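[1] Provided below for reference: sequence and predicted model.
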Amino acid sequence: MANTATAAQPTIEKDFYRIGEVSRLTALKPFVLRYWETEFPTLEPVKSPSGHRLYRQEDVEMVLRIKRLLYDEGFTIAGARRHLREQNGAGESEGGAGSGSAAGSGVAEGAAQLLSRKMLLDLRDTLRAFLTLLERK
């Protein structure tokens with residue numbers, strides 16, 4: 001029974017997480033989290049009176065979004081920052097009434113960008129494979 005209690009702990013949502021907890025939850029080193037704070041204005045954990053970083057649930061979710069953009073989708077830091085800024089701006093502008101068509105076109109545009117990015121990444125990998133074959137001869 002002790003194993004089920006410890007296994008359930010990472011999924012419990014708390015008000016605040018310390019940097020070590022966020023490091024374990026996201027499989028990132030604390031220095032990476034501190035660096036990302038300097039690069040991404042949307043990632044802003046609060047500081048305790050003793051100076052410790054306290055991440056809110058939104059901060060943890062932002063760390064996971066940044067990690068996905070950088071590690072899985074291949075964005076640069078500047079590209080990920082720009083992407084997040086555009087997403088936040090789009091989310092705020094789509095909040096008004098009568099923006100259904102704008103939201104639909106934004107989703108379609110985002111999907112097209114993601115598809116073209118995926119195609120470019122696939123093309124790059126294919127070209128690298130060809131280059132490797134040519135270098136062996």
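    Yes, it's here. Values in this document were obtained by computation on a predicted structure and should not be read as measured data.

[2] Could you pull out the strands in the protein for me?
    Here the chain has its strands, by DSSP state E, at 17-18, 46-47, 53-55.

[3] Who are the packing partners of the last one?
    What that stands for is strand 53-55. Packing partners of strand 53-55 (3 or more C-beta pairs under 8 Å, 6 or more residues apart in numbering; DSSP states H and E): strand 17-18, helix 19-26, helix 30-39, strand 46-47. Any C-beta I mention is one placed from the backbone N, CA and C, and that applies to glycine too.

[4] Name the surrounding residues that touch stretch 56-65.
    13-17, 22, 25-26, 28, 33, 36, 40, 42-46, 55, 84 (C-beta atoms under 8 Å, 6 or more residues apart in numbering).

[5] Please pick the buried ones from those.
    When the contacts of stretch 56-65 are checked for burial by 16 or more other C-beta atoms under 10 Å, the buried set is 16-17, 22, 26, 28, 33, 36, 40, 43, 45, 55, 84.

[6] and of these, the nearest to Leu133?
    Distance to Leu133, by C-beta to C-beta, is smallest for Leu28 among the buried ones among the contacts of stretch 56-65, at 35.8 Å.

[7] how close does the closest one sit to Leu54?
    To Leu54, Leu28 is 17 Å away according to C-beta to C-beta, to the nearest Å.

[8] so where's this structure shaky on pLDDT?
    Scanning the chain for pLDDT under 70 picks out 1-13, 90-115, 117, 137.

[9] give me that answer again for 80
    1-14, 88-123, 125, 137 (pLDDT under 80).

[10] Quick one: the helices in it, in order.
    Ranges of helices in the chain, per DSSP state H, are 2-8, 19-26, 30-39, 57-67, 77-93, 100-136.
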